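Colleague: my questions concern the predicted model and sequence given below.
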Amino acid sequence: MGPTVVFAWRRTPPPLLIGGAEVSQQLLAEEFARAEWQVIYLGSHEAPWDGSPQIGHLRTHLQAHGTEWEEANGEIRYTWNGVRCRAVLQDRVEKALREVLGAVRAELVVTSQEGAADIAALARRSSRAAGWLHSVSANSLDVLHGEPHVALATSKFVAERAEPQAHTKPVVFYPPFTPAGGDEDLLTAGHSRSGHLPGGVLMVNPIPAKGAALLHQLIYRLPGRQFTLVEGWWDTAREFTGYPNVQWVPRTYAMGPIYAANDLLLVPSQVEDAFPRVIVEAGLHRVPTVGSSRGGIPEAIGDGGVTLHPEDVDAWVQAIESVDRTDLGAKARTRAMPLIRPCLPELAATGLIPTAATG
């Protein structure tokens, strides 16, 4: 039996994906499993922000993928891609973590997001603790108050904004990525690689903080462009489906065909995003990005696109109409490819795990 790593947080364990944090942590957990670690992923089936139940969604998703689970005393247990998952009630997360750490010797505990400071403080008593900084929000940076041994900053931008305690070592740890493709078994109805839209423009998560107001103006001013909008944190379809040049896609786990069907990605965030995964994922499909100049977006884009002030509507219109999608798409792919890499050696370099256990 190999060494043990525990992922512990107050959101749902895999495979329910809401945003970039969930995707990144699932990919890292699965990499540990492939390296023959014992991987335990502890989370909750109640949303930490409002207590809303997620257990029905979880059961439905597991059943749809033929995954068996055990359920008792308000807890669900199952295995997903080699990762042993546990989803408990919110008020049992810390108790369940104490039980796990009392039963196994964990080399590492990884935590992040809501309430992660308490989890990190608990974990560091017996294990190496890593706090993953997925953004510069107070919610994300709060884990630093738990003094994890290492703070994994998801970009240089985040590392510069973090203010760790004296006992916490900050390091830049870009998110894990997988090669383009591999989504064929999860294709959303109506989407295929053959459905390419020449000149098509894509945006994911069209909500106010991510630039919905600017998006409305771009859709209106570019009636000859086809916009594909993918549901993100919540459903904003009613705001956009009245436009004749908009195709709305409900939340999907199969983004590959959607990237491949478009020529340009928009990331018009009004907030300081840390390092949007969609930029790299699109780049792997040779899709460049026109993005906001805020936060870590320029760092993610590099020379694989264009960065603009999020309030300069004319500049966005001009960029959408004039950027060389072929040239920038090739650069975007070149920039994205190095991020498909083994991540465990990077964790070993920080001292979080033994070098010999990187697989």
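Modeller: Thanks, I have it. Numbering: from 1, shown residues only.

Colleague: how about the strands in the stretch 251-359 of the chain?
Modeller: Using DSSP state E, counting those that start in this stretch, the strands of the stretch 251-359 of the chain run over 264-267, 289-292, 305-308.

Colleague: is it possible to get TSV of those strands that adds mean pLDDT and distance to Ala348?
Modeller: Placement of C-beta: from N, CA and C, glycine included. Listed next are the strands of the stretch 251-359 of the chain as TSV, based on pLDDT from 0 to 100; distance: least, C-beta to C-beta, whole Å:
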stretch	mean pLDDT	distance to Ala348
strand 264-267	98	32
strand 289-292	98	32
strand 305-308	98	32
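
Colleague: could I get these as a markdown table with distance to Arg333 and mean neighbour count?
Modeller: Output for the strands of the stretch 251-359 of the chain, formatted as a markdown table (distance: least, C-beta to C-beta, whole Å; neighbours: other C-beta atoms under 10 Å):
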| stretch | distance to Arg333 | mean neighbour count |
| --- | --- | --- |
| strand 264-267 | 13 | 26 |
| strand 289-292 | 12 | 26 |
| strand 305-308 | 12 | 22 |
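
Colleague: so where do the strands sit in the stretch 101-250 of the chain?
Modeller: Applying DSSP E, counting those that start in this stretch to the stretch 101-250 of the chain gives strands spanning 106-111, 128-133, 150-153, 169-172, 201-204, 227-230, 246-249.

Colleague: adding distance to Ala159, write the strands of the stretch 251-359 of the chain out as a markdown table.
Modeller: Formatted as a markdown table, the strands of the stretch 251-359 of the chain follow (distance: least, C-beta to C-beta, whole Å):
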| stretch | distance to Ala159 |
| --- | --- |
| strand 264-267 | 20 |
| strand 289-292 | 20 |
| strand 305-308 | 19 |
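
Colleague: to Ala138, which of the ones you listed lies closest?
Modeller: Evaluated over the strands of the stretch 251-359 of the chain, closeness to Ala138 peaks at strand 289-292, with 20.6 Å, by C-beta to C-beta.

Colleague: CA atoms only: put that closest one into PDB for me.
Modeller: This file holds the C-alpha atoms of strand 289-292, laid out as PDB (Å, rounded to 0.1, in the frame of the first residue of the first chain):
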ATOM      1  CA  THR A 289      -8.400  34.500 -26.200                       C
ATOM      2  CA  VAL A 290      -9.500  38.100 -26.100                       C
ATOM      3  CA  GLY A 291      -9.400  38.800 -22.400                       C
ATOM      4  CA  SER A 292      -9.700  41.400 -19.700                       C
END
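
Colleague: and stretch 244-251, how far from the chain's centre?
Modeller: Stretch 244-251 sits 22 Å away from the centroid of its parent chain (C-alpha atoms, centre = their mean, to the nearest Å).

Colleague: picking that back up, tell me which of the strands of the stretch 101-250 of the chain sits most buried.
Modeller: With neighbours defined as mean count of other C-beta atoms under 10 Å, those peak in mean count at strand 128-133, which reaches a mean of 28.

Colleague: of all the strands of the stretch 251-359 of the chain, which lies closest to Ser44?
Modeller: Minimum separation from Ser44 across the strands of the stretch 251-359 of the chain (C-beta to C-beta) falls at strand 264-267, 29.7 Å.
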